[in-house]
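> just a sequence and a predicted model for now, questions to come.
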Amino acid sequence: MDKKVTIRTLLRKKQRGEKITMVSTYDYLSARLCDEVGIDAILVGDSLGMVFKGEENTLGVTLDEIIYHTKAVKRGAKRAFVIADMPFGSYQVSLEKALENSFRVIKETNADALKFEGGKEILPIVERLAESGVAVVGHLGFTPQKIQIFGGAKVVGRREEERKRMLGEAKALEEAGAVMLVLEATPTDIAKEITETLNIPVIGIGAGKYTDGQVLVFHDLVGLVEDIKPRFVKRFAEGAKLFKEALERYKSEVESGKFPSEEHCYE
Ligand code: KIV
């Protein structure tokens with residue numbers, strides 16, 4: 001097994017101009033596949049609300065669910081850097097509650113870092129966690145936990161005041177001690193400026209090709225999600241088609257009596 005990926009590995013990759021690969025996923029087996037092909041980082045994202053639970057958005061994901069899924073991913077990811085996504089409501093109530101929940105996730109899952117959505121409103125949390133030795137990943141641009149305010153998925157950073165705010169908040173997050181930043185649904189040019197301005201790695205999803213790395217949801221990239229395909233998703237396989245063909249063959253072989261055959265039976 002290659003050496004465990006740490007934040008220093010990711011930082012070195014940025015400094016050398018090598019791209020960082022990140023996948024968002026929620027279970028042991030997919031994490032193991034990511035690990036086996038050398039994906040650098042795995043995010044246990046709150047997108048599990050939609051992808052795993054079939055909900056409309058990320059708002060219903062609980063801290064217990066993030067802990068449960070991060071534990072499963074950690075068992076599969078022996079090498080990759082694992083980030084647990086702090087869910088909606090787990091860090092907005094008070095600084096004290098945010099710290100308590102953060103330490104609970106680290107203690108129970110042994111995640112390598114925690115991700116929080118937001119800009120200036122999360123700075124006190126980032127500062128306190130960084131001082132305590134917790135690696136914090138920021139998330140700017142479209143932040144799905146604010147879906148009610150955005151009124152739907154939206155590209156953020158097209159307007160001048162948004163660009164200024166994003167650049168200011170990205171710098172402030174780095175100064176507060178964040179070790180990495182995710183940029184979601186952000187125009188390519190502002191994502192490039194933020195990437196070039198910051199010393200910490202910037203990972204994009206729908207943020208163009210100039211960020212230090214890319215993140216996609218496992219189920220999107222292997223083509224398991226057939227009905228929704230945002231512009232930034234590329235399907236690297238037709239997973240749904242493949243699985244349906246297997247299921248159809250299984251169904252037909254059971255119905256016709258072809259399966260199980262001798263080789264699948266005990267004497
Ligand atoms: O929840 C998630 O999977 C994410 C990524 C899409 C960045 O936040």
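Arrived safely.

> tell me the domain ranges of the protein?
7-236, 239-267 (automatic domain parsing).

> of the ones you listed, which is nearest the ligand?
When the domains of the chain are ranked by distance to the ligand, counting by Cβ to the nearest ligand atom, first place goes to domain 7-236 at 2.1 Å. Any C-beta I mention is one placed from the backbone N, CA and C, and that applies to glycine too.

> run a quick neighbour tally on residue 11.
For residue 11, the tally of surrounding residues (other Cβ atoms under 10 Å) stands at 17.

> ok, back up a step: turn the domains of the chain into TSV, including mean pLDDT.
TSV is the format used below for the domains of the chain (pLDDT from 0 to 100):
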stretch	mean pLDDT
domain 7-236	97
domain 239-267	97
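
> residue numbers of the stretch 51-200 of the chain in contact with the ligand?
Within the stretch 51-200 of the chain, the positions adjacent to the ligand are 85, 182, 184 by Cβ under 6 Å from any ligand atom.

> who's the first one bridged to?
Listed beta-bridge partners, residue 85: residue 115 (assigned using DSSP bridges).

> likewise for the second one?
With DSSP bridges as the criterion, the beta-bridge partners of residue 182 are residue 139, residue 203.

> which residues touch it?
Applying Cβ atoms under 8 Å, 6 or more residues apart in numbering, we find residue 182 in contact with 43, 115, 137, 138, 139, 140, 202, 203, 204, 205, 215.

> one more time with 7 Å
Counting by Cβ atoms under 7 Å, 6 or more residues apart in numbering, residue 182 touches 115, 137, 138, 139, 203, 205, 215.

> quick one: the helices in this structure?
7-16, 28-36, 48-51, 63-76, 95-109, 123-132, 147-150, 160-176, 188-197, 218-221, 239-256 (DSSP state H).

> run the chain-centre distance for the fourth one.
Just to be clear, that refers to helix 63-76. Relative to the centre of its chain, helix 63-76 is centred 13 Å away, using Cα atoms, centre = their mean, to the nearest Å.

> so that helix versus helix 95-109, what angle?
For the pair helix 63-76 and helix 95-109, the angle between their directions (axes from the mean of the first three to the mean of the last three Cα atoms, to 10 degrees) equals 30 degrees.

> circling back: which of the contacts of residue 182 count as buried?
115, 137, 138, 139, 203, 205, 215 (16 or more other Cβ atoms under 10 Å).

> show residues contacting stretch 31-45.
5, 10, 20-26, 66, 69-70, 73, 76-85, 115, 215, 217.

> got a PyMOL select line for the buried ones in those?
The following PyMOL selection, which keeps only the buried ones among the contacts of stretch 31-45, applies the criterion 16+ other Cβ under 10 Å:
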select buried, resi 5+10+20+21+22+23+24+25+26+66+69+70+73+76+77+79+80+81+82+83+84+85+115+215+217
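
> in stretch 186-200, which residues are buried?
By neighbour count, with 16+ other Cβ under 10 Å as the criterion, the buried positions of stretch 186-200 are 186, 187, 190, 191, 192, 193, 194, 195, 198, 200.

> and those, which two are furthest apart?
Largest separation among the buried residues of stretch 186-200 by Cβ to Cβ: 187 and 200, giving 20.4 Å.

> give me the neighbour count for residue 41.
Residue neighbour count, defined by other Cβ under 10 Å, stands at 27 for residue 41.

> bridge partners for it, pull those for me.
When residue 41 is checked against DSSP bridges, its beta-bridge partners turn out to be residue 22, residue 81.

> that one and residue 111: what is the separation?
When Cβ to Cβ, to the nearest Å is the yardstick, residue 41 and residue 111 sit 11 Å from each other.

> okay, and the common contacts of these two?
Jointly contacting residue 41 and residue 111 under the rule Cβ under 7 Å, 6+ apart are residue 83.

> how about residue 118, what does it touch?
If you count contacts by Cβ under 7 Å, 6+ apart, residue 118 has them with residue 143.

> one step back: most packed of the domains of the chain?
domain 7-236 (a mean of 19; mean count of other Cβ atoms under 10 Å).
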